[in-house]
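> Attaching a predicted model along with its sequence, questions to come.
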Amino acid sequence: MTLVKISMALITLGMTATVFAAPLISPKEAELPDTPPTLSTRGISRGPSIKLNSPEANTPVMSPFEFKVSFDARGESKIDPNSVKVIYMKSPFVDLTPRLKAAISASGIDFAKAEVPPGTHVIRITVKDTEGRETNSVMNLVVAK
């Protein structure tokens, strides 16, 4: 039986499944050379907003931790969850999107128990709304030893 079926069965019975920590960034990826974050913007953007909810930006946390990001569309548009890209800013860039795919929704990213090696990790998140407006946000995850 798959983990999803087991989780659904436990939820149906009013029980919760144990959530195991999952690697978001590997130690080998953390050792890659840093890439300076470059984010160019032109004027005022009406694209969606991106907010890091957990952990608090630039505040040291212990791994594993809850990685939560919220998206908010503007006007009548909606978030396109298939447009979300999460990039670890290393040289070369590391695409974290496939690891987070199950945690991405139109409301944001909810990845419980993310395993990340100690250090400061620069992440770029890109999201588009249904009208094609794009927003990029660069954030630091600081993981204590």
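The structure has been received and is ready for your questions.
> Helices along the chain, start to end?
Here the chain has its helices, by DSSP state H, at 3-12, 27-30, 97-100.
> State the mean pLDDT of the first one.
pLDDT averaged over helix 3-12 equals 42, rounded to a whole number.
> what does stretch 120-140 give?
93.
> next one: stretch 53-69
The average pLDDT for stretch 53-69 rounds to 92.
> Which strand residues bridge the residue nearest the centre of the chain?
For the chain, Ile109 is the residue whose C-alpha lies nearest the centre (CA atoms, centre = their mean; 5.4 Å). According to DSSP bridges, the residues that bridge with Ile109 are Val69, Ile104.
> Need the pLDDT of it.
Note for Ile109: predicted pLDDT of 96.
> Would you confirm that it contacts Val84?
Yes. Ile109 is within contact range of Val84, at 7.4 Å (criterion: CB atoms under 8 Å). Heads up, the C-betas are built off the backbone N, CA and C, glycines and all.
> Give the residues shared as contacts by those two.
Ile125 (CB atoms under 8 Å, 6 or more residues apart in numbering).
> list the contacts for the residue nearest to the centre of the chain?
For Ile109, the contact set (CB under 8 Å, 6+ apart) comprises 67-69, 84, 86, 100, 103, 125.
> can you redo those residues as a markdown table with distance to Pro23 and neighbour count?
Formatted as a markdown table, the contacts of Ile109 follow (distance: CB to CB, whole Å; neighbours: other CB atoms under 10 Å):
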| residue | distance to Pro23 | neighbour count |
| --- | --- | --- |
| Phe67 | 12 | 24 |
| Lys68 | 17 | 17 |
| Val69 | 18 | 24 |
| Val84 | 19 | 24 |
| Val86 | 14 | 24 |
| Leu100 | 11 | 21 |
| Ala103 | 13 | 19 |
| Ile125 | 18 | 22 |
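> outside of stretch 96-106, which residues touch it?
Residues outside stretch 96-106 that contact it (CB under 8 Å, 6+ apart): 22-25, 67, 71, 78-81, 84-88, 109-112, 123.
> Good, wrapping up.
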